[in-house]
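> Starting from these lines, generate the structure:
(2 chains)
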There are 2 protein chains.
Amino acid sequence: MLPPAPRPLLVAAAVLWFCLAVTNAKVHHYDWDISYQHKSPDCFEKLAVTVNGEAPGPTIRATQGDTIVVTVNNKLETENTAIHWHGIRQIDTPWADGVAGVTQCPILPGETFTYKFVVDRAGTYLYHAHYGMQRVAGLNGMIVVTVPDGIREPFTYDEEHTVLLQDWWHKSVYDQATGLSAKPFVFVGEPQSLLINGRGMFNCSNLATPTGSCNNSRPDCTLPALFSIVPGKTYLLRLGSLTSLSSLSFEIEGHSMTVVEADGHYVRPFVVRSLFIYSGETYSVLFKADQDPRRNYWATSHIVGRNATMTPSGKAVVSYAGNDPRKTPPTVPTNGPAWDNTAIRVEQSKSILAHPGYVVPVPVRADRTLLLLNTQNNIDGHIKWTINGVSLHFPATPYLVSMKHGLTDAYDQRPPLDTYDHRGHDISAPAPTNGTIGSPVYRLAFDSVVDVVLQNSNMLNNQSETHPWHLHGHDFWVLGHGDGKFDPTADAWRLLNVKDPIMKNTVPLHPDGWTAIRFHANNPGVWLFHCHVEAHVFMGMGVVFEEGVESVGRLPSSIMGCGHSKGLH
Amino acid sequence: MLPPAPRPLLVAAAVLWFCLAVTNAKVHHYDWDISYQHKSPDCFEKLAVTVNGEAPGPTIRATQGDTIVVTVNNKLETENTAIHWHGIRQIDTPWADGVAGVTQCPILPGETFTYKFVVDRAGTYLYHAHYGMQRVAGLNGMIVVTVPDGIREPFTYDEEHTVLLQDWWHKSVYDQATGLSAKPFVFVGEPQSLLINGRGMFNCSNLATPTGSCNNSRPDCTLPALFSIVPGKTYLLRLGSLTSLSSLSFEIEGHSMTVVEADGHYVRPFVVRSLFIYSGETYSVLFKADQDPRRNYWATSHIVGRNATMTPSGKAVVSYAGNDPRKTPPTVPTNGPAWDNTAIRVEQSKSILAHPGYVVPVPVRADRTLLLLNTQNNIDGHIKWTINGVSLHFPATPYLVSMKHGLTDAYDQRPPLDTYDHRGHDISAPAPTNGTIGSPVYRLAFDSVVDVVLQNSNMLNNQSETHPWHLHGHDFWVLGHGDGKFDPTADAWRLLNVKDPIMKNTVPLHPDGWTAIRFHANNPGVWLFHCHVEAHVFMGMGVVFEEGVESVGRLPSSIMGCGHSKGLH
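This is a model prediction of the structure:
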């Protein structure tokens, strides 16, 4: 099922074709009402933030080069919103990135905001609310960008399906956020359910106190039928994770999967039984319907990296054609890989490399290197995440507006630190009680090459966690993952992969380890780089990059109206 | 305890004194953080919107003529806010009335807004969130404005206390609002508790499904000790109701109360056992500690006008000095007056007249008369309240800004109707399925006198409800209450009280009846007039008045930034 890799000539031809194809680009219009609805994704009824009444929202489908226009009507009563198009680089449209506080003012109740952007690269992407912790309330979905007609991908398949993975809480986002901000700190806890394509099945009898809002007898409380397959055919699964907290493994019982794409980039194919997928990541995998077609099979998601014994696995049914698509498979679903086996996850991360025919050449050296240490700090009694000592708090005025218009009192002018005390800091010991809350910006020279080494260290509870870091506005080369502390003075740089690294927009930082990435700061705008665990970024785990903001075109007035930007509309 | 009424000369002296006293006026500064907190006002823990961590918020205390400055820091994560100063007329400061959509844009998370206004008349007032149904979440409080030193009131007392009455739901505002907007319509239901000064006691064993968030053993789950009294002394109680839905009666076991003030106006004193109080109203009552001081007494609130059998009475303890202030009285608390005895409530409404020494002369005739019929309508499957066929929906741009700046496309230009088909309409039959949703404005000639007759009629369920109507920016004369349909062609006008009507800002419209008021449209601005039942105004039960907006001073830019006002900052 894997044809030979295309040669560089083919790549050049594809680029040429793309340039010609732009004239055929389509514009896809969407009109979305954002509102609260009572939803029971896992048989427990709660309020969800929906797109046209649904959570997750509809899948956006387009062809590379097309333009997407989404008109967002905020029909919430008292709550603002903003929607981020995760993995779309927003070249020439940095104001459409959808991050309230960074690239726009939030959209107020009763107001309409239009996002317009080009999907310039084929692949699997995501969208979600990017305002407070709002995406936890349900505003999530997928974006599928296909190659134009006539372009061959480095693999073939018969049909494709999308699979969106989520975790789900029964308590409200307000409840979660209030706890995270409280003294003493109250963590959000483990999710009650894992959802596959928006469906899960919570066992209501597991509630400490059964309530009428949990009902396993309701008609929509059934095992989700994921899709049906035909013996001998090959399927492409476009997988995306928009978990709020959980790192996951995903598998289809009895069927091995070949990973062929990650975050919109073709991967040197490798075969897995379990795919590890972190919040904000997407993968395309191929699998063949090559098992006994007289029965159905489990598709399952499992939490890894945290000891979530109370959270049952996500379960859905993959049926063979002709079977009842909801018929329960005859087997007991697996529990997935051991949650605490970090080594196999790091190993899989290391095996994700660029497809030989699609290597994007890596700049040989960086102009600037940032060593970003995360620590958990107690700041005035509040538990916060800091990066090099600063816990990020978005200002009331979006950075893009304040930086483009020189509103220097709208954010912290003191630059954040490029490094930390990498000699003195013991990553196995929790940070001391220090750190500050602020809104500083890393101002990057336009067109420069930047290395970032993310350095994990122990939390206040002396454990180390997985942090999937997501960069807005760019893809980056994943140069390496390692254990322990990255020593910038040692040979570590030599060991990084500058030959065929994969490009991604989200990469895990594994427990007790480091992750090194490189990117080209050539997309004018202001871009958030943050842990995609919603509670973590809420607690300050992120940084802001600016590059070439002076060459950003005239900002649309629709992104203004808050903070210091009120007068600029 | 009631000295003779002051003569008109005294009134004139008071006015003179006031003018002189302005130079002694103080400025009171408050700095408020608005945030969600976990609160258990009735032993059931839920999220509440708080002022500096408390719900209800602090009581504002000032002297007539003082200036209040409240700096509001919105520390909610994704939700806007606005605070209304209920009963304060905002003379010369119409932008400080705090109604999002009418007088200002909402205050965004992370932003600070400063309210500054003069409290120009002694009396008891209220404050609360005025954005969506947000006040239901807990942002409520009282304002006490005392007469300046040297001014005698028409009564004396030894001490005063404030009593704030509320009703309280266990489900969130989001849940309530989502139900009200849903097809099919889901009503908010009756409250779980009635609170007295922010405290109630829900019996957790009455929960269909007991949960850990309801706990009658928690230390703060006790009968509230309201205040302690000394035998022989006379007390002034400043009572206010900020219920979301419920009409109430209030009594202090064994102690009769003399009503002396209503909504900031002195009342011809009358004695009650039970005071009926409607959402948005305030009363001052005197009572004497003249009962057996060896025991304590119940202070109770009870729902009237709705058959709320599941809602227990609000209960608090009034103790005599020397007793344990929390000691349960030896008696069984009363259930209050029969909930469905409309006649005694109408009778009490009619007995509220201006104190003879403080009658504000009534203009002899009105320049314009509005007959406002409320009906419940099914509009495209949504249940709405309409006034003369229009269900009020606030525009994205505050009226004050759009009218002052001539943004004529920001709200409905077609004027609403001054009357309804009062011959043809049968108030005992539900309205037909019609009506529209809109944002029109009654433009009143500046300095004109306006009569409004509120006409009740049956809901879709064929019943008629109590609607306490509140007028912003003004007090009005209460000219009369009547049963059935007000017939403007008949002698009804002759029967109205133009001799000594009380002035109020909130007045009940009783079931199956009408209420007539008159006001002087002499306060430049845009003013909401609406039913103070939060679910009802949410469903459209209100109208908007404009008068003299052209003479309003330059609007502060801080009220702008939303809708069409973005460019005006």
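> From the contact counts, what lies against the host helix or strand of A:G141?
Taking DSSP states H and E as the criterion, A:G141 maps to strand A:140-146. Using 3 or more C-beta pairs under 8 Å, 6 or more residues apart in numbering or on different chains; DSSP states H and E, the elements in contact with strand A:140-146 are strand A:60-63, strand A:123-129, strand A:159-168, strand A:234-241. The way it works is simple: take the backbone N, C-alpha and C, and place the C-beta from them, glycine included.
> Report the contact partners of whatever residue of the stretch 301-450 of chain A ends up closest to chain B.
Residue of the stretch 301-450 of chain A nearest chain B, by C-beta to the nearest C-beta: A:A396 (4.0 Å). Counting by C-beta atoms under 8 Å, 6 or more residues apart in numbering or on different chains, A:A396 touches A:G101, A:A410, A:C562, A:G563, A:H564, B:L108, B:G110, B:E111.
> Distance check, the residue lying closest to it once chain neighbours are set aside against A:P395.
Nearest in space to A:A396, with sequence neighbours left out and distances taken as C-beta to C-beta, 6 or more residues apart in numbering or on different chains, is A:G563 at 3.4 Å. Look at A:G563 and A:P395: by C-beta to C-beta, to the nearest Å, they are 7 Å apart.
> what do those two both touch?
A:S402, A:A410, B:G110.
> Show me the shaky parts of chain A.
Across chain A, the ranges flagged by pLDDT under 70 are A:1-23, A:209-212, A:432-433, A:567-569.
> how's it carved up into domains?
Annotated domains of chain A cover A:8-66+A:119-350, A:359-568 [automatic domain parsing].
> So which of the ones you listed is nearest B:Q192?
Nearest to B:Q192 among the domains of chain A is domain A:8-66+A:119-350; the distance by C-beta to C-beta comes to 14.7 Å.
> about what we covered before: could you look up the SS state of the residue of the stretch 301-450 of chain A closest to chain B?
Assigned by DSSP: H, G, I helix; E, B strand; the rest coil, the conformation of A:A396 is coil.
> coming back round to it: which of the helices and strands packed on strand A:140-146 sits most buried?
strand A:123-129 (a mean of 26; mean count of other C-beta atoms under 10 Å in any protein chain shown).
> How far does that strand sit from its chain's centre?
Its chain's C-alpha centre and that of strand A:123-129 lie 8 Å apart, by C-alpha atoms, centre = their mean, to the nearest Å.
> how about the helices of the stretch 451-569 of chain A, start to end?
Along the stretch 451-569 of chain A, counting by DSSP state H, counting those that start in this stretch, helices occupy A:534-538.
> Equivalent analysis for chain A, please.
A:8-21, A:173-181, A:342-350, A:399-404, A:534-538 (DSSP state H).
> quick one: contacts for the closest residue to A:V360 other than its chain neighbours?
In this structure, A:V360 finds its nearest non-sequential neighbour in A:M503, 5.7 Å apart by C-beta to C-beta, 6+ apart. Contact partners of A:M503, counting by C-beta under 8 Å, 6+ apart, are A:D263, A:H265, A:A354, A:V360, A:D475, A:F476, A:W477, A:V478.
> ok, the last one - contacts?
Meaning A:V478. Contacts for A:V478 (C-beta under 8 Å, 6+ apart) come out as A:S349, A:I352, A:N497, A:P501, A:I502, A:M503, A:K504, A:V507, A:T515, A:A516, A:I517.
> ok, how many other residues are close to the fifth one?
Under the neighbour criterion other C-beta atoms under 10 Å in any protein chain shown, A:I502 is assigned a count of 26.
> swap in the fourth one?
Summarising burial for A:P501: neighbours were counted as other C-beta under 10 Å, giving 23.
> So it is in contact with A:D475, correct?
No - the criterion here is C-beta atoms under 8 Å, and A:P501 misses it with A:D475 at 10.7 Å.
> Any buried residues in stretch A:475-484, and which?
Along stretch A:475-484, these residues count as buried under the neighbour rule (16 or more other C-beta atoms under 10 Å in any protein chain shown): A:D475, A:F476, A:W477, A:V478, A:L479, A:G480, A:H481, A:G482.
> Closest one of the contacts of A:V478 to chain B?
Looking across those and measuring by C-beta to the nearest C-beta, the closest to chain B is A:V507, at 27.3 Å.
> Report how many residues lie close to the closest one.
Close neighbours of A:V507, defined as other C-beta under 10 Å, add up to 29.
> next one: A:Y320
A:Y320: 18 surrounding residues under other C-beta under 10 Å.
> and it, what is it in contact with?
A:S228, A:I229, A:V230, A:P231, A:A289, A:Q291, A:P293, A:R294, A:R295, A:N296.
> And A:W85, by the same measure?
Residues in contact with A:W85 (C-beta under 8 Å, 6+ apart) are A:I68, A:A96, A:D97, A:G98, A:Y115, A:F117, A:Y125, A:Y127, A:I143.
> Cross-check the contact I'm expecting between the first one and A:A62.
Put plainly, it is A:I68. Yes - assessed by C-beta under 8 Å, A:I68 is found in contact with A:A62 at 6.0 Å.
> anything in contact with each of those two?
A:H28, A:V119, A:I143.
> which of these tops the neighbour count?
Neighbour counts for these (other C-beta under 10 Å) peak at A:V119, which has 27 neighbours.
> What about the residue lying closest to that residue once chain neighbours are set aside, how many residues nearby?
Taking C-beta to C-beta, 6+ apart, and ignoring the residues beside it in sequence, A:V119 has A:V145 as its nearest neighbour in space, at 4.5 Å. When neighbours are counted by other C-beta under 10 Å, A:V145 registers 22.
> likewise A:A343?
Around A:A343 there are 10 other residues, counting by other C-beta under 10 Å.
> Next one: it relative to B:E465, how far apart?
As defined by C-beta to C-beta, A:A343 lies at a distance of 67 Å from B:E465.
> can I assume A:N388 is in contact with A:T419?
Yes - judged on C-beta under 8 Å, A:N388 makes contact with A:T419 at a distance of 7.2 Å.
> more neighbours, those two?
Set side by side, A:N388 and A:T419 show more neighbours around A:N388, with 20 against 14, by other C-beta under 10 Å.
> Tell me how many other residues surround the nearest residue to that one once chain neighbours are set aside.
In space, and not counting its chain neighbours, A:N388 is closest to A:L417: 4.4 Å by C-beta to C-beta, 6+ apart. By other C-beta under 10 Å, the residues close to A:L417 number 17.
> got it, and A:K26?
Neighbour tally, A:K26, other C-beta under 10 Å: 10.
> I'd like to know how many residues surround the nearest residue to it once chain neighbours are set aside.
Spatial nearest neighbour of A:K26, chain neighbours left out: A:D66 (4.8 Å); criterion: C-beta to C-beta, 6+ apart. Number of residues near A:D66 (other C-beta under 10 Å) recorded here: 21.
> Touching, A:D66 and A:A25? I think so.
Yes - between A:D66 and A:A25 there is a contact under C-beta under 8 Å: 5.1 Å.
> what does the stretch 1-150 of chain A put close to chain B?
A:35-38, A:47, A:77-81, A:101, A:105-106, A:108-111, A:131-134 (C-beta under 8 Å from any C-beta of the partner chain).
> Pull out the buried members of those.
Buried subset of the residues of the stretch 1-150 of chain A next to chain B (neighbour count, 16+ other C-beta under 10 Å): A:35-37, A:47, A:77-81, A:101, A:105-106, A:108-111, A:131-134.
> For A:L373, give me its contacts.
Contacts of A:L373 (C-beta under 8 Å, 6+ apart): A:I387, A:N388, A:Y420, A:H422, A:H425, A:I427, A:Q455, A:S457.
> Try it again at 6 Å.
A:N388, A:Y420, A:Q455 (C-beta atoms under 6 Å, 6 or more residues apart in numbering or on different chains).
> bridging residues for it?
A:Q455 (DSSP bridges).
> How many neighbouring residues does the nearest residue to A:C105 once chain neighbours are set aside have?
Once flanking residues are discounted, A:C105 sits nearest to A:C562: 3.6 Å by C-beta to C-beta, 6+ apart. By the measure other C-beta under 10 Å, the count of residues near A:C562 is 27.
> for A:M310, same thing?
A:M310 has 11 neighbours, counted by other C-beta under 10 Å.
> Likewise for A:V364?
For A:V364, the neighbour count with other C-beta under 10 Å is 7.
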